[in-house]
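Sequence and predicted structure below; questions after.
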Amino acid sequence: MPSERFVIPIGPQHPALKEPGHFEFSVEGERVTGATVRLGYAHRGIEKACEERNWVQSLYLLERICGICSHIHTTAYCLGVERLAGVEVPPRAQAIRVLIAELERVHSHLLWLGVAAHEAGFDTLFMYSWRDRETVMDVLEGLTGNRVNYSANVLGGVKYDLDEARAETIRKGVDYLEARTYYYLELVVHDPVFVQRTRGIGTVTREQAEWLGLVGPAARASNVARDLRVESPYAAYDLFPVQMVLETAGDLEARVSVRLKELFESYRVIRTILDKLPTGEIKGRMPKKVREGETVSRVEAPRGELFYFIKSNGTDKAERVKVRTPTLCNLAPMMTLAIGHQLADMPMLLAGVDPCFSCNDRSIVVRNAQEAETRWTWEQLRRYGIEVYKCKR
Amino acid sequence: MQAVIALLIFPGGLCVLLLGLAYEWLDRKLMAQMQNRVGPRWYQPVADLVKLLAKQETMPNGVNPLLFIGLPLVGLASVLTAALYVPLVGLAPSYSFRGDLIVTIYLLGLLTFCMSLAGSNTLDRFSLMGALRALTQLFSYEVPFLLALLGPALAAGSWQIAEISAYAETHWLILTQPLGFVVALIGLMGKLELSPFDAPEAETEIVAGALTEYSGRGLALFHLSRDVALVVGLTLVAAFYLGGMANPLWFFGKTLLLLLVVSGLQALFARLRIDQTVGLWWRYGMLLVLLQWLLMIVWR
């Protein structure tokens, strides 16, 4: 009977999810007939908080939007604010930004491979890929002193320089990882049991991908040429160009292999940067106040296009910072795709777009169009949050 | 007096429980080593058991209390009974009668059935899905597994475990019935819901499957039952295919070898979807075992 749907809830607490999100799959036997998503469990009011802090303080706050792709968030923010302020960033700083961004991509993709393998019940691959990920974590720690929030970007440049000895350890790490990545690529394409779980699952055609607005590796797996590093090179990507990696199949297997093949591109770019690092300063002078104006800053995060809108009113604080993360673009299409698949494919389908919920969660106030526009202060938002959670309890 | 000791302490009862825990530890440790982890210490299964037994048991609303409490007991009792009919630690079975092979396999199947019932007893959606999957899996591996164990019975001309084991002492059936051996060993993995056949308890989809609502004593008893089933299953396969009854040390070596293979297979594969599991058993497992039977008949 259509009225008696059997709904399998996944989340907000569920072993398949490492972050809170809520999915409801209605099933008939093992077949999924409907899927909905509810987000917002990890909303922290970061955008609003940025309006209360000065330009430098906001940088550290925005770095904490995501625990995995922290550097790319500050890169997007810094590029935007620097453009507003008209600050010239030394080429060496831009190159180091790209270097860390690519190392971060390596770390993010290896982490994702492990998660995807775990969702497929392939814990051996999970353990192996996370062990190898330690290599890139160590490299990042050696470079910046931190494993996760590197805090490498500052407005006007970067904080850390690197010498030849450091470059050599990075090269060694990259060599090791490249050999391992070859192995994993072989494995995910040829292991018959794993391929059974990925080939032909969650297929998105090129037209669908464009229509649904997929971004990042998920789009590139469907042969949509969408990579900001190539399309509009930012920071030092014009000096160190990246080749776009495309797959045509559009299924889960293609999403796995796109990410792994991208890693080789990252390794190549890292090596090129280390060999041809521009000389000079690593930080330009940054004024305390940023002149009035607004800008859009787009960068390619490991998960896809990351979008920042920054508006300045001429003071030392931002008038508005708006963040749109790639997960938001990718999650909704997956809900459409879920229908008709098996319940067992759901965790992998979700993991296939590499969702990052805490990146993603923003608050939306739905208001009547006739009402006068209201603006909330940080204090009001804070009080509202407390009230909401009081009611929920 | 001797019968009571055989029933409660050795080789049945307590001894099987301890063996079960030891095998569980070995399995976990071997898996960990293959997955590049350290793995648990030797007393971890015992510690888990004690902790679970000491924990408060929460009974969810809407369950039949009698079934909720009774099913773990029936499950454990059935596998402990099964243990009496198999040549544990390489010694002659404590009890033996004609056709006890069928009873043993039935008792092992009863455990899976108890878990599925326990799952469908609750209103939890994960449990219901898990129970459904466990039963689906039962119907897929049970027939090939049974036929694979009947191969040695056919060769020995008896359906009594003691006689088959005695026959196997002089005939290493793994050499004459390799296909049957493979199906029996993998069937055992299906029976115990070990990876890659762990769809009934796939944690990334349905949390803990049929046992999601169990905590405390019920969960402990189910875990213990599964450990005992592991011992019984390994003993059966080792006795039938790897040279029958032998001195305990030698026999332990054989079961250990089997466990090593099982752990390796667990570490090697991604989880199969439930439809893939069914397909695997009916398309390949069944075919292999029938081929084996055909060869045996032609051989004669």
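Nice, thanks for sending it over.

quick one: stretch A:144-154 to chain centroid distance?
16 Å (Cα atoms, centre = their mean, to the nearest Å).

Send me stretch B:230-246 as PDB with only the CA atoms.
The C-alpha trace of stretch B:230-246 is given here as PDB (Å, rounded to 0.1, in the frame of the first residue of the first chain):
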ATOM      1  CA  LEU B 230      32.600 -21.200  14.600                       C
ATOM      2  CA  VAL B 231      34.200 -24.000  16.600                       C
ATOM      3  CA  VAL B 232      31.600 -26.600  15.600                       C
ATOM      4  CA  GLY B 233      31.800 -25.600  12.000                       C
ATOM      5  CA  LEU B 234      35.600 -25.600  11.800                       C
ATOM      6  CA  THR B 235      35.700 -29.000  13.600                       C
ATOM      7  CA  LEU B 236      33.200 -30.500  11.200                       C
ATOM      8  CA  VAL B 237      35.100 -29.300   8.100                       C
ATOM      9  CA  ALA B 238      38.500 -30.300   9.500                       C
ATOM     10  CA  ALA B 239      37.200 -33.800  10.600                       C
ATOM     11  CA  PHE B 240      35.500 -34.400   7.200                       C
ATOM     12  CA  TYR B 241      38.000 -33.100   4.800                       C
ATOM     13  CA  LEU B 242      41.300 -32.900   6.600                       C
ATOM     14  CA  GLY B 243      41.900 -36.500   7.900                       C
ATOM     15  CA  GLY B 244      39.300 -37.100  10.600                       C
ATOM     16  CA  MET B 245      40.000 -37.500  14.300                       C
ATOM     17  CA  ALA B 246      43.500 -37.100  15.400                       C
END
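
avg pLDDT for that stretch?
Stretch B:230-246 shows a mean pLDDT of 85.

so where does residue A:32 fall, helix or strand?
strand A:31-38 (DSSP states H and E).

other SSEs contacting that strand?
Counting contacts by 3 or more Cβ pairs under 8 Å, 6 or more residues apart in numbering or on different chains; DSSP states H and E, strand A:31-38 is packed against strand A:22-28, helix A:326-338. To be clear about C-beta, it is placed using only N, CA and C from the backbone, and glycine gets the same treatment.

okay, the angle between the longest one and strand A:31-38?
Same thing as helix A:326-338. With axes from the mean of the first three to the mean of the last three Cα atoms, to 10 degrees applied, the angle from helix A:326-338 to strand A:31-38 works out at 150 degrees.

Now do helix A:326-338: everything it contacts.
A:23, A:25, A:32, A:35-37, A:39, A:202, A:204, A:208-209, A:212-216, A:218, A:301, A:303-306, A:346, A:349-350, A:352-357, A:359-360 (Cβ atoms under 8 Å, 6 or more residues apart in numbering or on different chains).

Tell me the helix or strand right after that helix.
On the C-terminal side of helix A:326-338, the closest following helix or strand by DSSP H and E is helix A:346-352.

could you dump the strand holding residue A:32 to PDB, C-alpha only?
What follows is strand A:31-38, C-alpha atoms only, in PDB (Å, rounded to 0.1, in the frame of the first residue of the first chain):
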ATOM      1  CA  ARG A  31      14.700  -1.400  -3.500                       C
ATOM      2  CA  VAL A  32      14.700   2.300  -2.700                       C
ATOM      3  CA  THR A  33      11.500   4.100  -3.800                       C
ATOM      4  CA  GLY A  34      12.100   7.500  -2.300                       C
ATOM      5  CA  ALA A  35      14.800   9.600  -0.600                       C
ATOM      6  CA  THR A  36      14.900  12.800   1.300                       C
ATOM      7  CA  VAL A  37      17.600  14.700   3.000                       C
ATOM      8  CA  ARG A  38      17.600  17.000   6.000                       C
END
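
tell me which residues in that strand are buried?
Within strand A:31-38, the residues scored as buried using 16 or more other Cβ atoms under 10 Å in any protein chain shown are A:32, A:35, A:37.

which bits of chain B sit near chain A?
With Cβ under 8 Å from any Cβ of the partner chain as the criterion, chain B meets chain A at residues B:34-37, B:125-126, B:129, B:132, B:195-196, B:198-199, B:202-207, B:267-276.

if you look at those residues, which of them are in helices?
Using DSSP state H, B:34, B:125-126, B:129, B:132, B:203-206, B:267-268, B:274-276 are the members of these that sit in helices.

and the stretch 201-350 of chain A, which residues reach chain B?
For the stretch 201-350 of chain A, the contact set with chain B under Cβ under 8 Å from any Cβ comprises A:342, A:343, A:344, A:345, A:346, A:347.

shouldn't the second one be in contact with residue A:27?
Read it as residue A:343. Yes - using Cβ atoms under 8 Å, residue A:343 is in contact with residue A:27, at 5.4 Å.

returning to that earlier point: can you tell me what sits against the strand holding residue A:32?
By Cβ under 8 Å, 6+ apart, strand A:31-38 touches A:5, A:21-27, A:331-332, A:335, A:338-343, A:346.

one step back: which of the residues of the stretch 201-350 of chain A next to chain B sit farthest apart?
The distance between the two most remote of those (Cβ to Cβ) is 10.9 Å, for A:342 and A:347.

who has more neighbours, those two?
Neighbours per residue (other Cβ atoms under 10 Å in any protein chain shown) separate residue A:342 from residue A:347, with residue A:347 holding more: 25 against 19.

which non-adjacent residue is nearest residue A:154?
Distances taken as Cβ to Cβ, 6 or more residues apart in numbering or on different chains place residue A:283 nearest to residue A:154, at 6.5 Å, with adjacent residues excluded.

which element is residue A:189 on?
helix A:164-190.

quick one: buried residues of that helix?
For helix A:164-190, using 16+ other Cβ under 10 Å, the buried residues are A:167, A:170-171, A:173-174, A:177-178, A:180-181, A:184-185, A:187-188.

Report the helix or strand with the lowest average pLDDT across chain A.
Lowest by mean pLDDT, DSSP states H and E among the helices and strands of chain A is helix A:357-360, with a mean of 71.

Could you list every helix and strand that that helix packs against?
helix A:326-338.

got the buried residues for the helix it packs on?
Here helix A:326-338 shows A:326, A:327, A:328, A:329, A:330, A:331, A:333, A:334, A:335, A:337, A:338 as buried, counting by 16+ other Cβ under 10 Å.

gap between it and the chain center?
Per Cα atoms, centre = their mean, the centroid offset for helix A:326-338 relative to its chain is 14 Å.

Also stretch B:241-259?
For stretch B:241-259, the distance to the chain centre is 16 Å (Cα atoms, centre = their mean).

likewise stretch A:67-76?
8 Å.

tell me which residues of it are tucked away?
Those would be A:68, A:69, A:70, A:71, A:72, A:73, A:74, A:75, A:76, for stretch A:67-76 by 16+ other Cβ under 10 Å.
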